[in-house]
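Q: below are the sequence and a predicted model; questions follow.
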Amino acid sequence: MCEKCKEKFYITTPIYYPSDKLHIGHTYCTVATDAMARYKRLTGCDVMFLTGTDEHGQKIEEKAKAAGVTPQQFVDNIVCGEKGILDLWKLMNISNDRFIRTTDDYHVESIQKIFKKMYDNGDIYKGAYKGKYCTPCESFWTESQLVDGKCPDCGREVHDAEEEAYFFRLSKYAQPVRKLLTETDFLQPKSRVNEMVNNFIDPGLEDLCVSRTSFSWGVPVDFDPGHVVYVWVDALSNYITALGFMNEKYSDYEKYWPCDVHFVGKEIVRFHSIIWPAMLMSLGEPLPKHVYGHGWLVMDGGKMSKSKGNVVDPYLLAEKFGVDALRFFLLRTFPFGSDGNFSNELLINTINIDLANDLGNLVSRTTAMVEKYFGGTLPEEKQAAELDESLISMLSTLRDRYEAEMEKFQFQNALEEVFKCIQRSNKYIDETAPWTLAKDMEANGKRLAAVMYNLLESVRICTTLLLPFIPASCEKIFAQIGACEDARTWENAAVWGKLPQTVTVHKGEAVFPRIDAAKAIEELEAIMEAQKKAVLPAVEVEPFAEESVDFDTFCKSDFRAVKVKACEAVKKSDKLLKFTLDDGTGVDRQILSGIHKFYEPEQLVGKTLVAIVNLPPRKMMGQESCGMLISAVHKEKGEEKLHLLMVDDAIPAGAKMC
Ligand code: MSP
């Protein structure tokens, strides 16, 4: 087909905030988009796959200031620096056709024109904004949108803010946007529609504040100095500026717009399914065909966040298990529309079961047998059997089942179809028992050749359909089974018999070696634990008591200096130490204290400590404890620390502390 006649397909990821290193959750969305783009290219479409970075806003400005660099230097480092965003996409084999940065000159120029156009047509007007502002999310919220007084998106504190600002008449577009969501398949999965309509549109869509004066790291409103364009207006427009809308840099707008699908995480569906179509309606431009709101990868049920120390580093996993294994895991394990709970066990099991056992074994057994029984090249003559029919029919129709799922963005289901065929092929090996046939080559040679050919054909078809998911590994498999370019096409994935009858295989290294699960999990857990500790505050002390205590009540507590005459560990207890103390009364006082984890008894003999002596006696492990030793407690990197209060040895036993 000529280039001009090819069906166009335009797909985007959100543009990422370069405020921190990206984690596995961000990688998930980009890998899904990449798989879709590769699939569409495979089917013959002319694909435009866009990703990029969303570089303006108060959060970046503040982070740059804290780091002592300019905002531009700050974002340049996260986008282009070592192990930055560009490096990550290269590592993950992301095949984007274009990469936009919202600090690119051409984008800035377009944003100013877009803002002015909406101002000129009366959809943007000047007013004053009063509201609750969440700085990390760069979002203003109304009182009614807050959850427990906090930001509904991230749960953090919001603060009152008021400023002169421009507003976009979002309210004017409430009904057309409602219609778009409820009467078309614009927003997917369908389950996200109710959420948008019930939570945002029906309670009343208010006009949107679209400029800021409280910070300067943004696109300046060129006709009103001091205002910068609201970061979401700036960011959403990337999908058209990157094609050359209102700029000279590119000229693909007519060719690719409207977009076929914006893949976005569920928390930003609101911006893409309400604000973005309203902006386009105001500009008089066509609307994207679909927005797909995918679920989150979560850890132990909660969102990954740097401050919790539970973000999973894609570099670490890719280095340990390989890029393709990681790409595959992300799309094979979780349904795209729902949240998925990440765990190391799940990752390793998926690699071991699907890739090493099912696919890896099929490829290595098949190529090994062709080498062993035929010296690597199959003979022309073959003998079919009835047993082959179910395998051939399952594999010849696989492409259609796979396509149906891919068109719905159901990656997990598409892969399930492929793996059913891989499992079926492994079963075919057991059914045909090639090792038995090989015992008598004269009688069974032609039959054995047919069995081997069928297995190679199964591998070829499955590998073609796995290309969008594990592209580099598929190339290796194609080389091993001797599949030439023509045998790897989308058209031929639905046609049985495309490998030459006298194909030559080249058995190579195992494409997916089996992982020692216990060892790998232990290593990963140690790394992740260290990572968690690294983000914990160095020293953490108990919050101060809010309730006050009156002086008389306080004075009732009798604190005394006590000298340690003897100290020993309590038998059968890991924690308790037994102290024999001189409290100045002439009668020894016994106190038990659960501090063995922090002290050995011999360290304490002779020390002068502080005890509260008028607590009622308590029995612990059958022994009486008359009072309590006072300690200072805090945490360091999450670990409990305790120091007994030791005072000057010049203080006599029994001296009252007041
Ligand atoms: N800059 C905005 C998007 C503007 S698009 C015009 C933004 N950036 S982000 O870096 O915070 O997030 C980018 C994408 O990553 C979002 O779609 C978000 O949902 C996704 N993810 C971030 N963490 C995620 C998971 N843990 N799991 C899956 N996706 C997640 O939002």
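A: On my side now, so go ahead. Predicted model, so just to flag it, every value in this text is computed and none were measured.
Q: now the helices for the stretch 251-400 of the chain?
A: Residue ranges of the helices in the stretch 251-400 of the chain, as given by DSSP state H, counting those that start in this stretch, are 253-256, 269-270, 276-283, 314-321, 323-333, 344-350, 361-374, 388-396, 398-407.
Q: dump the third one to CSV, restricted to CA.
A: Included here for helix 276-283 are C-alpha records, laid out as CSV according to Å, rounded to 0.1, in the frame of the first residue of the first chain:
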residue,chain,number,x,y,z
TRP,A,276,-9.8,19.1,26.9
PRO,A,277,-12.9,18.6,24.7
ALA,A,278,-14.3,21.9,26.0
MET,A,279,-11.1,23.7,24.9
LEU,A,280,-11.2,22.1,21.5
MET,A,281,-14.9,23.1,21.1
SER,A,282,-13.9,26.6,22.0
LEU,A,283,-11.1,26.6,19.4
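Q: just give me the neighbour total for the nearest residue to Lys255 once chain neighbours are set aside.
A: Leaving aside its sequence neighbours, Lys255 sits nearest to Lys8 (CB to CB, 6 or more residues apart in numbering; 6.4 Å). All C-beta atoms are positioned from the backbone trio N, CA, C, and that covers glycine. Lys8 has 15 neighbouring residues, counting by other CB atoms under 10 Å.
Q: what does the one 4 residues further on give?
A: Thr12: 27 surrounding residues under other CB under 10 Å.
Q: so it sits against Ala235, correct?
A: No - taking CB atoms under 8 Å as the definition, Thr12 is not a contact partner of Ala235, at 11.5 Å.
Q: measure Tyr39 to Arg488 for me?
A: 14 Å (CB to CB, to the nearest Å).
Q: cool, His227 as well?
A: 54 Å.
Q: neighbour count for those two, which is higher?
A: Higher neighbour count among His227 and Arg488: His227, with 23 against 18, using other CB under 10 Å.
Q: correct me, but that one touches Ser211?
A: Yes - here His227 reaches Ser211: they are 4.1 Å apart, a contact under CB under 8 Å.
Q: find residues that contact each of these two.
A: 165-166, 221 (CB atoms under 8 Å, 6 or more residues apart in numbering).
Q: residue of the stretch 301-450 of the chain nearest the ligand, please.
A: Met304 (4.5 Å; CB to the nearest ligand atom).
Q: name the nearest residue to that residue, ignoring sequence neighbours.
A: In space, Met304 is closest to Val311, 4.7 Å off (CB to CB, 6+ apart).
Q: just Leu415 next, same as before
A: Arg332 is the one closest to Leu415 (CB to CB, 6+ apart), at 4.8 Å.
Q: the one you found touches Gln412, doesn't it?
A: Yes - using CB under 8 Å, Arg332 is in contact with Gln412, at 6.3 Å.
Q: tell me which of these two has more neighbours.
A: Set Arg332 next to Gln412 and count neighbours by other CB under 10 Å: Arg332 wins out with 21 against 16.
Q: follow-up on the earlier one: tell me the phi and psi of the residue of the stretch 301-450 of the chain closest to the ligand?
A: Backbone torsions of Met304, given as degrees, to the nearest 10, read phi -70, psi 130.
Q: the ligand contacts on the stretch 301-450 of the chain?
A: By CB under 6 Å from any ligand atom, the residues of the stretch 301-450 of the chain that approach the ligand are 303-304.
Q: okay, now the unreliable bits of the stretch 301-450 of the chain?
A: Within the stretch 301-450 of the chain, no range satisfies pLDDT under 70.
Q: go with 80
A: 301, 303, 305-310 (pLDDT under 80).
Q: how many residues are close by Arg365?
A: 15.
Q: host element of Pro176?
A: helix 174-183 (DSSP states H and E).
Q: run through who's touching that helix.
A: So helix 174-183 is contacted by 186-187, 193, 196-197, 201-202, 204-205, 273-274, 277-278, 281, 287 (CB under 8 Å, 6+ apart).
Q: interface residues of this structure facing the ligand?
A: Going by CB under 6 Å from any ligand atom, the residues of the chain near the ligand are 14-17, 25-26, 28-29, 54, 235-236, 238, 264-265, 267-268, 296-297, 303-304.
Q: returning to what we had before: buried stuff in the helix holding Pro176?
A: 174, 177-178, 180-181 (16 or more other CB atoms under 10 Å).
Q: try stretch 564-582
A: Those would be 564, 567, 570, 576-582, for stretch 564-582 by 16+ other CB under 10 Å.
Q: run the chain-centre distance for the strand or helix carrying Ile591.
A: When elements are defined using DSSP H and E, Ile591 is found to belong to strand 589-593. Centroid displacement of strand 589-593 relative to its chain, using CA atoms, centre = their mean, to the nearest Å, is 52 Å.
Q: isn't Lys21 up against Asn77?
A: No - if you go by CB under 8 Å, Lys21 and Asn77 don't touch, sitting 10.5 Å apart.
Q: mind checking the SS state of Arg192?
A: State at Arg192, reduced to three classes by DSSP: H, G, I helix; E, B strand; the rest coil: helix.
Q: now do it: how many residues are near it, please.
A: The burial count for Arg192: 20, using other CB under 10 Å.
Q: that one: what's it in contact with?
A: For Arg192, the contacting residues are 266, 269, 273, 293, by CB under 8 Å, 6+ apart.
Q: can you pull the contacts of the nearest residue to Ile521 once chain neighbours are set aside?
A: Of all residues not flanking Ile521 in the chain, Asn344 sits nearest, at 5.1 Å (CB to CB, 6+ apart). Residues near Asn344 by CB under 8 Å, 6+ apart: 520-521, 524-525, 528.
Q: out of these, which is most surrounded?
A: Neighbour counts for the contacts of Asn344 peak at Leu524, which has 20 neighbours (criterion: other CB under 10 Å).
Q: host element of that one?
A: Using DSSP H and E, Leu524 falls in helix 517-535.
Q: coming back round to it: from Lys150, how far out is the residue nearest to Met304?
A: Taking CB to CB, one finds Val311 at 21 Å from Lys150.
Q: again, but for Lys532
A: Distance from Lys532 to Lys150, by CB to CB: 24 Å.
Q: now Gly52
A: 30 Å.
Q: who's more crowded, those two?
A: Taking neighbours as other CB under 10 Å, Gly52 and Lys150 compare with Gly52 leading, 24 against 15.
Q: the more buried one reaches Ser237, doesn't it?
A: No - using CB under 8 Å, Gly52 makes no contact with Ser237, being 11.7 Å away.
Q: who touches Ile78 in this structure?
A: By CB under 8 Å, 6+ apart, the neighbours of Ile78 are 18-21, 84-85.
Q: 7 Å - rerun?
A: 18, 84-85 (CB atoms under 7 Å, 6 or more residues apart in numbering).
Q: make CSV from the residues you listed and add pLDDT, distance to Lys446 and secondary structure to it.
A: Below are the contacts of Ile78 laid out as CSV (pLDDT from 0 to 100; distance: CB to CB, whole Å; DSSP: H, G, I helix; E, B strand; the rest coil):
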residue, pLDDT, distance to Lys446, secondary structure
Pro18, 94, 62, coil
Gly84, 94, 58, coil
Ile85, 96, 56, helix
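Q: ok, of these, which one's closest to Phe419?
A: Checking these against Phe419 by CB to CB gives Ile85 as the nearest, at 31.7 Å.
Q: which residue sits closest to that closest one, ignoring its sequence neighbours?
A: Closest to Ile85 by CB to CB, 6+ apart is Val79, at 5.0 Å.
Q: would the one you found count as being in a helix?
A: Yes - counting by three-state DSSP, Val79 is located in a helix.
Q: Pro18 is in contact with that one, correct?
A: Yes - using CB atoms under 7 Å, Val79 is in contact with Pro18, at 5.0 Å.
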